[in-house]
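K.L.:
Got a predicted structure plus its sequence, pasted below:
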Amino acid sequence: MARNSEAWGWLLVLAALSSALPLAGCAQTETTVDSKPQAVATKGQGSASSPSCTSTGNYKVFPSANGSFPLLPATSTAEPPLVRLSSTHLKNDPVTADLSVALLSGGSPASKEFRGLAIGQQASFDGYTVRVTSICEGEVRFALVQQPG
């Protein structure tokens, strides 16, 4: 009887594994239909239907991240400031975002808030200037316009 129960246990394990294997392929970020790749929206990408969500810009920030991805380049004398996303205002006309910039090196920490930035507007801090290029739900992208040195 114990041997029969053990066999059923293994059969159940094998059945569970075989049904889980096809699900492993579901984590792809792109799908292909008629040989044309289509992007699948993932958390943090925002709504592509908004004209402000252009998904352009070399740097991006998310509300929960402590700095941009990638980080701004460092100078020979200091670490780069950290750009953070405070909030997005997708119902505003024009759509805006609130960013903060923090400098943690060089003695005492310093920071500055930039509220109500629309696409094309710039923020400058400690020799760095960034320009907002895309505002999506939960993500802002920007370009580095100027850096010190």
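P.N.:
Alright, I've got the coordinates.
K.L.:
can you give me the helices in the chain?
P.N.:
2-20 (DSSP state H).
K.L.:
any low-confidence regions in it?
P.N.:
1-49, 106-108 (pLDDT under 70).
K.L.:
please redo it, this time with the cut-off set to 80
P.N.:
1-50, 77-78, 104-109, 149 (pLDDT under 80).
K.L.:
show me where it has strands.
P.N.:
Taking DSSP state E, the strands of the chain run over residues 30-33, 36-39, 59-61, 82-89, 96-103, 110-117, 122-125, 128-136, 139-146.
K.L.:
Kindly export the last one (C-alpha atoms) in CSV.
P.N.:
It stands for strand 139-146. The C-alpha coordinates for strand 139-146 follow below in CSV (Å, rounded to 0.1, in the frame of the first residue of the first chain):
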residue,chain,number,x,y,z
GLU,A,139,8.3,56.7,-15.5
VAL,A,140,10.0,59.8,-16.7
ARG,A,141,12.8,59.9,-19.3
PHE,A,142,15.3,62.6,-19.8
ALA,A,143,18.4,63.6,-21.8
LEU,A,144,21.6,64.9,-20.4
VAL,A,145,22.1,68.4,-21.9
GLN,A,146,25.2,69.5,-19.9
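K.L.:
Contacts for that strand next, please.
P.N.:
Contact partners of strand 139-146, identified using CB atoms under 8 Å, 6 or more residues apart in numbering, comprise 44-46, 54-62, 68, 72-73, 83, 85, 88, 97, 99, 122, 124, 127-134. Just so you know, the C-beta spots here come from the backbone N, C-alpha and C atoms, and that holds for glycine as well.
K.L.:
could you dump the strands of the chain to JSON lines with distance to Ser50?
P.N.:
Formatted as JSON lines, the strands of the chain follow (distance: least, CB to CB, whole Å):
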{"stretch": "strand 30-33", "distance to Ser50": "21"}
{"stretch": "strand 36-39", "distance to Ser50": "15"}
{"stretch": "strand 59-61", "distance to Ser50": "16"}
{"stretch": "strand 82-89", "distance to Ser50": "10"}
{"stretch": "strand 96-103", "distance to Ser50": "12"}
{"stretch": "strand 110-117", "distance to Ser50": "16"}
{"stretch": "strand 122-125", "distance to Ser50": "21"}
{"stretch": "strand 128-136", "distance to Ser50": "7"}
{"stretch": "strand 139-146", "distance to Ser50": "11"}
